[in-house]
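Enquirer: Coordinates for the following, if possible.
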Amino acid sequence: MNGVNYAEVNSRMSSGLGQLVCICYLAFNILPCVLEFFFQKHYTTSVSDVSHTK
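Expert: I've put the predicted structure just below:
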């Protein structure tokens, strides 16, 4: 009984860990692109705002 529960928990944890690693891997690949896009967009809008005020 206890061994079965441990095996179930272990398999769930290993699959969860695999998903977590996958998500982290995707996040580290996507995050720089997203941040760059947002910063670029924000930077260009702020620059255009400054040029408009001048």
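
Enquirer: next one: the strand or helix carrying P32 to chain centre, how far?
Expert: P32 belongs to helix 2-53 when assigned by DSSP states H and E. Helix 2-53 sits 0 Å away from the centroid of its parent chain (C-alpha atoms, centre = their mean, to the nearest Å).

Enquirer: And for L26, the neighbour number?
Expert: L26 has 10 neighbouring residues, counting by other C-beta atoms under 10 Å. In short, each C-beta sits where N, CA and C put it, glycine included.

Enquirer: roughly how far apart are the most centrally placed residue in the chain and R12?
Expert: By C-alpha atoms, centre = their mean, the chain has its centre lying nearest to A27, at 3.0 Å. Going from A27 to R12 by C-beta to C-beta, to the nearest Å gives 22 Å.

Enquirer: now swap in N29 and tell me
Expert: Plainly put, N29 is 26 Å away from R12 if you go by C-beta to C-beta.

Enquirer: Need the CA coordinates for stretch 6-25. CSV is fine.
Expert: Taking Å, rounded to 0.1, in the frame of the first residue of the first chain, the C-alpha atoms of stretch 6-25 are listed here in CSV:
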residue,chain,number,x,y,z
TYR,A,6,5.2,6.2,-3.2
ALA,A,7,5.5,4.9,-6.7
GLU,A,8,2.5,7.0,-7.8
VAL,A,9,3.8,10.1,-6.1
ASN,A,10,7.3,9.5,-7.6
SER,A,11,5.9,9.1,-11.1
ARG,A,12,3.7,12.2,-10.7
MET,A,13,6.7,14.2,-9.4
SER,A,14,9.0,13.0,-12.3
SER,A,15,6.4,13.9,-14.9
GLY,A,16,5.8,17.2,-13.2
LEU,A,17,9.5,17.9,-13.1
GLY,A,18,9.7,17.1,-16.8
GLN,A,19,6.9,19.5,-17.5
LEU,A,20,8.6,22.1,-15.4
VAL,A,21,11.9,21.7,-17.2
CYS,A,22,10.1,21.9,-20.5
ILE,A,23,8.3,25.1,-19.5
CYS,A,24,11.5,26.6,-18.1
TYR,A,25,13.3,25.7,-21.3
